[in-house]
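S.K.: sequence and predicted model, in that order:
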Amino acid sequence: MTAGRVRCERARRPSRDGPPAHRACSWLIRNPPIAEPDGQTTSLSADLHPLHRARHTPLAVGGLRMSQEFRHEPVMLAEVLALLEGCDDGVLVDATVGGAGHASALLAAHHRLRLVGIDRDPEAVEAARRRLAPFGGRTRVHQARFDQLREVVEADHGPATAVAAVFFDLGVSSHQLDVAARGFSYREPGPLDMRMDPGQPMTAGRLVNSASEAELAALFAANGEDRFARRIARFIVERRPLESTTELAEAVSAAVPVAARRRGHPARRVFQALRIAVNEELELLGDALDEAIDLLAPGGRCVVLAYHSGEDRLVKSRFVHAATGGCTCPPGLPCACGAVSSVRLLTRGARKASPAEVAANPRAESARLRAVERLPDVPRPADGQRGTGAGS
């Protein structure tokens, strides 16, 4: 492995029933994204900070202003409330609590639910605590990754806790996009950061400036930039070191011919690819989904909103695996492999936001909603057939 290899070696917890866990996780994103609407429109909220480059003139750094409102407009809220309507008693885990828009609505609708909120972003944690303060002792919010949800729940409520519902609202929040100093936006000048958790070592700047041209090209191609991935990577390498979102966006724009810019800003997918890689979003999601299902009480539900096709395909794969028990028998034949279903699918395919919601909130356009319900624990399916659900 070269010094600039963009790859992490990390022991992974084997999935108890799922496909073999990988011990090496690559930054590559395997599927092209669902098109995300533009709309990153607010101004810089704090002074830019240096990215530890010798040629960069130091600037005053005050950090992000914690007093700035963490804006969060919950997507497909009515659909989420409907899917969790019967989960009215017990522990609700919001694994990506953000600004607590979904969480506060669920607590208001279900007065006996107790919330465990999780988020990697310390700004989101503080915002969620403020918004959830009226619910008093019913809520606890922690800074953690969503693949740590089991240890967080057990620390709060004990190892024998059966969870009523787990909710995931994946991807980047509106607040993170809109605060230019976080480095997620290609529309405003900011540092090349893109970290959900500012305490983690990897930044978009480190990734962009250390990866080889071939590695960057592979990353961009895997995220849907098949035609110009190599050209974009070459232009980036030629202009390194890059320190700001503006410099990166200009490098990408220079690489993509004007005639080929038919699907919005040419930097959109590049920024998305870097964000997902920096935060290991796909690498962490599989384990988190498996743990969420395992924590559910019989009748408990797991609901997931995804905004990127890589996320949605992974959610679909884990849900279908749990619904079939991983049965490997030919379709239509009795199960002879001993597979046991642990959930039933609640959605036929992925649900999408209504046209009215998309018109009011364009970022809802790429949302894909899936859900499952935990089945009672049984040694084998009663009819000897593979587990079935509502479809996939």
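M.R.: Looks like it arrived, so ask away.
S.K.: run a quick neighbour tally on residue 292.
M.R.: Look at residue 292: counted by other CB atoms under 10 Å, it has 28 neighbours. Backbone N, C-alpha and C define where each C-beta goes, glycine included.
S.K.: give the contact list for it.
M.R.: Shown in contact with residue 292 (CB atoms under 8 Å, 6 or more residues apart in numbering): 93, 95, 149, 163, 166, 168, 302.
S.K.: give me the buried subset of these.
M.R.: Buried residues within those, counting neighbours by 16 or more other CB atoms under 10 Å: 93, 95, 149, 163, 166, 168, 302.
S.K.: just the ones of those residues in strands?
M.R.: Residues from the buried ones among the contacts of residue 292 lying in strands, with DSSP state E as the criterion: 93, 163, 166, 168, 302.
S.K.: which of those residues sits closest to residue 288?
M.R.: Using CB to CB, residue 168 comes nearest to residue 288 of these, at 7.4 Å.
S.K.: check the gap between that closest one and residue 196 for me.
M.R.: Distance, residue 168 to residue 196, using CB to CB, to the nearest Å: 14 Å.
S.K.: ok, now residue 151?
M.R.: Distance, residue 151 to residue 196, using CB to CB: 19 Å.
S.K.: neighbour-wise, which of the two wins?
M.R.: Using other CB under 10 Å, the more surrounded residue of residue 151 and residue 196 is residue 196, with 23 against 13.
S.K.: now the angle between strand 163-169 and the helix or strand hosting residue 156, please.
M.R.: If you go by DSSP states H and E, residue 156 is part of helix 149-157. On the basis of axes from the mean of the first three to the mean of the last three CA atoms, to 10 degrees, helix 149-157 is oriented at 130 degrees to strand 163-169.
S.K.: can you tell me the number of residues neighbouring residue 133?
M.R.: Residue 133: 9 neighbours (other CB under 10 Å).
S.K.: name the SS class of it, please.
M.R.: helix (DSSP: H, G, I helix; E, B strand; the rest coil).
S.K.: ok, it - contacts?
M.R.: No contacts exist for residue 133 under CB under 8 Å, 6+ apart.
S.K.: quick one: it from residue 100, how far?
M.R.: Here residue 133 is placed at a distance of 10 Å from residue 100 (CB to CB).
S.K.: same check, this time on residue 295
M.R.: Residue 295 sits at a distance of 20 Å from residue 100 (criterion: CB to CB).
S.K.: go on, residue 173?
M.R.: 11 Å.
S.K.: what's the distance between stretch 360-376 and the middle of its chain?
M.R.: Computed by CA atoms, centre = their mean, to the nearest Å, the separation of stretch 360-376 from the middle of its chain amounts to 13 Å.
S.K.: chain neighbours aside, what residue packs nearest to residue 237?
M.R.: residue 213 (4.7 Å; CB to CB, 6 or more residues apart in numbering).
S.K.: same thing with residue 204?
M.R.: In space, and not counting its chain neighbours, residue 204 is closest to residue 194: 4.0 Å by CB to CB, 6+ apart.
S.K.: can you verify my assumption that residue 219 contacts residue 277?
M.R.: Yes - counting by CB atoms under 8 Å, residue 219 touches residue 277, with 6.2 Å between them.
S.K.: hang on, the earlier thing: so which of the ones in strands among the buried ones among the contacts of residue 292 comes closest to residue 267?
M.R.: Of these, the one sitting nearest to residue 267 (CB to CB) turns out to be residue 168, at 27.0 Å.
S.K.: thinking the closest one is in contact with residue 301, fair?
M.R.: No - counting by CB under 8 Å, residue 301 is not a contact partner of residue 168; they are 11.9 Å apart.
S.K.: now do the helices in the chain.
M.R.: All helices of the chain, identified by DSSP state H, fall at 77-83, 101-109, 122-132, 149-157, 174-178, 204-210, 213-222, 229-239, 245-255, 268-278, 281-295, 309-324, 355-360.
S.K.: what's the neighbour count on residue 105?
M.R.: Neighbour tally, residue 105, other CB under 10 Å: 16.
S.K.: residues touching it, list them.
M.R.: For residue 105, the contacting residues are 74, 77, 81, by CB under 8 Å, 6+ apart.
S.K.: how far away is it from residue 244?
M.R.: Residue 105 is 37 Å from residue 244, by CB to CB.
S.K.: check contacts around residue 265.
M.R.: Residues counted as contacts of residue 265 (CB under 8 Å, 6+ apart) are 38, 186-187, 249, 253.
S.K.: please pick the buried ones from these.
M.R.: 186-187, 249, 253.
S.K.: of all these, which two lie farthest apart?
M.R.: 187 and 253, at 11.9 Å, using CB to CB across the buried ones among the contacts of residue 265.
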